[in-house]
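Trainee: Need the 3D shape of this:
(4 chains)
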2 protein chains.
Amino acid sequence: MTLVSTLGRLPAADGAIQSGGSRERIERIYAVLRKRICLLDYAPGERLREEALAAEFDVSRTPIRRVLARLEDEGLVRSVHGVGTIVTDIDIDALEQVYQLRVELAELIGKLSPVRPDAQKIAAFQTLLARCETLVATPDARRFAEINMDFFHMLNSLTANEPLRAISELLYYQTTRIWLKTASRLESYQAVLNTEITIFHREMADIVAAVEIGDLEVVGHIRRAHISMSFLRLRDSAHADATRGGDD
Amino acid sequence: MTLVSTLGRLPAADGAIQSGGSRERIERIYAVLRKRICLLDYAPGERLREEALAAEFDVSRTPIRRVLARLEDEGLVRSVHGVGTIVTDIDIDALEQVYQLRVELAELIGKLSPVRPDAQKIAAFQTLLARCETLVATPDARRFAEINMDFFHMLNSLTANEPLRAISELLYYQTTRIWLKTASRLESYQAVLNTEITIFHREMADIVAAVEIGDLEVVGHIRRAHISMSFLRLRDSAHADATRGGDD
DNA sequence: TCTTCTTTTGTTGTGTACAACATCACGCAG
DNA sequence: CTGCGTGATGTTGTACACAACAAAAGAAGA
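Mentor: Residues are numbered from 1 along each chain as shown, chains lettered A, B, ... in the order given. Prediction:
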């Protein structure tokens, strides 16, 4: 519940930082909304009103609709005539197919047009690993999700295959929310969070080590296992919780 | 050149068949435009005007823009302020990455949630094979492209993994045009067409045989080879043609 | 009190006028 | 004849008014 707490004032969007062409503006709004959805600033089932968004971003409904249309095509929202634009709900079982596909694509990133990481990229990985270590010290679900997101983008930059990157990103944003949503409903929320962060940190260390020696195939293998097991742990937790407690 | 000949009157779109909700209407327009682009009814570089499309489909610019936005997100067109909506140009080399990915996905279709083909589906495959045989008798580039498209959809229906299907479809429609476009520019156009149809027919027969015995993994392997070699043949033809003749 | 119909309110979908922008034609000076 | 500036023309991007639709609120009857 405290996951969706910081709703009162949302970051970004204001500040009149909207320089640049119309395309970039739309892209920016898109990125902001997508991030809000995936960090559960907008909860599943929540209703977004175009006019409110238009007011916040200081544009008319038209460009907002352009963004929402894309989000709808990507499965993150669904517009219903006369009702509103609803953030899609998700459940762990329905996402199994997406995870199966993500697992395969993760391995492909190490195979298709891999980019040899240079010193700068390695440094970025190490910085991220350091951030993850502070996370282990003071666990926080939202920061976990954010670091996970940054980590994904770093990993995604390890292939030069642009279509593969685009698709991996698409599937990533279709699935990340499920962790925050499911975990927040668990009885053993704190324990699960701590466990998950510990495991994530360990796997991240392994991957960074593999990146440092430039073995992207190994990165792919580790990540494949990472994604797959992460999904299984989450599903088991959810099912165990559902059978033990009421099914709300 | 004769490929883009039937432009005077385009099929579909009129007839006032626009029953159903607004979403379905948009979906229909989207499918029509996408098919036109991929069959080169709209040539690469051609300029589409929203108002003309709006008139043809008997709607305002608004839903047309909704469709064009999606086509732009998928890389088939690009809207330029003050100019028009341009059908994206493509070249064989830029598409190499997409083909690399398609090759991998083709194999996944036999692995991820394969659906055991029933009698009806097998019959559909055989019907398609029959159509392909008439194509061998009387080669025609456009019919080749259409049968190829139908064949793709049949193959795509062999997995129940919905995200995989969606993505395979996306990548398919990003790449199919290249064959028609490249082939039509070749000196040895007719010879290449005949060869390609023969090869396609043979591979299609192999795949249908594999479908009949229900071995979808084999289907994946055959198709992987099919896509990969088809790309290589096309690229070689294009490069040979470019070095021999002038580069236009 | 409950049910059902009507009204009211709110939201997205559509159509359209206008602004922003790019391109081409044309004139004109050099 | 060429190069450049300037206006005319055409197109997409935006904003807004209205239609279509859904849901909630309210009224009326049993």
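
Trainee: Let me know the helix or strand that the closest residue to A:Ala183 other than its chain neighbours is in.
Mentor: The shortest distance from A:Ala183 to any non-neighbouring residue, by CB to CB, 6 or more residues apart in numbering or on different chains, is to A:Val192 (5.7 Å). Any C-beta I mention is one placed from the backbone N, CA and C, and that applies to glycine too. Assigned by DSSP states H and E, A:Val192 belongs to helix A:189-212.

Trainee: what does chain A have sitting close to chain B?
Mentor: A:22, A:66, A:69-70, A:73, A:81, A:97-98, A:100-101, A:104, A:108, A:112-113, A:160-164, A:167, A:170-171, A:174 (CB under 8 Å from any CB of the partner chain).

Trainee: need the strands for chain A, in chain order.
Mentor: For chain A, the strands defined by DSSP state E occupy A:47-48, A:77-80, A:84-87.

Trainee: With respect to burial, which of those strands scores highest?
Mentor: Ranked by mean neighbour count, the strands of chain A are led by strand A:84-87 with a mean of 19 (mean count of other CB atoms under 10 Å in any protein chain shown).

Trainee: Alpha carbons only: can I get that strand in PDB?
Mentor: The C-alpha coordinates for strand A:84-87 follow below in PDB (Å, rounded to 0.1, in the frame of the first residue of the first chain):
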ATOM      1  CA  GLY A  84     -11.800   7.200 -19.500                       C
ATOM      2  CA  THR A  85      -8.400   5.800 -20.200                       C
ATOM      3  CA  ILE A  86      -7.800   2.900 -17.800                       C
ATOM      4  CA  VAL A  87      -4.400   1.600 -16.800                       C
END
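
Trainee: How far away from the center of its chain is that strand?
Mentor: 19 Å (CA atoms, centre = their mean, to the nearest Å).

Trainee: and it, does that touch DNA strand D?
Mentor: No: contact of strand A:84-87 with DNA strand D is not found when judged by CB under 7 Å from any atom of the strand; the minimum separation is 8.9 Å.

Trainee: helices or strands up against the lowest-mean-pLDDT helix or strand in chain A?
Mentor: Ranked by mean pLDDT, DSSP states H and E, the weakest helix or strand in chain A is helix A:216-244, scoring a mean of 91. Secondary-structure packing of helix A:216-244 (3 or more CB pairs under 8 Å, 6 or more residues apart in numbering or on different chains; DSSP states H and E): helix A:96-109, helix A:177-185, helix A:189-212.

Trainee: Chain A against DNA strand D: which residues are in contact?
Mentor: Residues of chain A lying near DNA strand D (CB under 7 Å from any atom of the strand): A:22, A:25-26, A:59-63, A:66, A:80-83.

Trainee: Next, the residue lying farthest from the centre of chain A: phi, psi?
Mentor: Most distant residue from the mean C-alpha position of chain A: A:Gly82, 29.8 Å away (CA atoms, centre = their mean). Dihedral pair for A:Gly82: phi 80, psi 0, per degrees, to the nearest 10.

Trainee: and the gap between it and B:Ala52?
Mentor: 31 Å (CB to CB, to the nearest Å).

Trainee: Emit the PyMOL select command for whichever of the residues of chain A next to chain B are buried.
Mentor: Listed next is the PyMOL selection for buried residues among the residues of chain A next to chain B, using 16 or more other CB atoms under 10 Å in any protein chain shown:
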select buried, chain A and resi 66+69+70+97+98+100+101+104+108+112+113+161+163+164+167+170+171+174
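
Trainee: Find the nearest non-adjacent residue to the most centrally placed residue in chain A, please.
Mentor: The centre of chain A sits closest to A:Thr176, judged by CA atoms, centre = their mean, with a distance of 4.0 Å. Closest residue to A:Thr176 apart from its sequence neighbours, by CB to CB, 6+ apart: A:Cys38 at 5.0 Å.

Trainee: can you pull the contacts of that neighbour?
Mentor: The contact partners of A:Cys38, taken as CB atoms under 8 Å, 6 or more residues apart in numbering or on different chains, are A:Leu76, A:Ala145, A:Met149, A:Tyr173, A:Thr176, A:Arg177.

Trainee: and what of A:Ile26?
Mentor: Going by CB under 8 Å, 6+ apart, A:Ile26 touches A:Pro63, A:Arg66, A:Val67.

Trainee: got those as CSV, with pLDDT and distance to B:Glu203 columns?
Mentor: Output for these, formatted as CSV (pLDDT from 0 to 100; distance: CB to CB, whole Å):
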residue, pLDDT, distance to B:Glu203
A:Pro63, 98, 46
A:Arg66, 98, 41
A:Val67, 98, 42
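
Trainee: Turn the residues you listed into a markdown table, including distance to B:Ile197.
Mentor: Below are those laid out as a markdown table (distance: CB to CB, whole Å):
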| residue | distance to B:Ile197 |
| --- | --- |
| A:Pro63 | 46 |
| A:Arg66 | 42 |
| A:Val67 | 44 |
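
Trainee: Filter these down to just the ones in helices.
Mentor: A:Pro63, A:Arg66, A:Val67 (DSSP state H).

Trainee: Contact partners for the last one?
Mentor: If I follow you right, that is A:Val67. The contact partners of A:Val67, taken as CB under 8 Å, 6+ apart, are A:Ile26, A:Ile29, A:Tyr30, A:Leu33.

Trainee: Among the residues of chain A next to DNA strand D, which one sits closest to B:Gln120?
Mentor: A:Val80 (34.5 Å; CB to CB).
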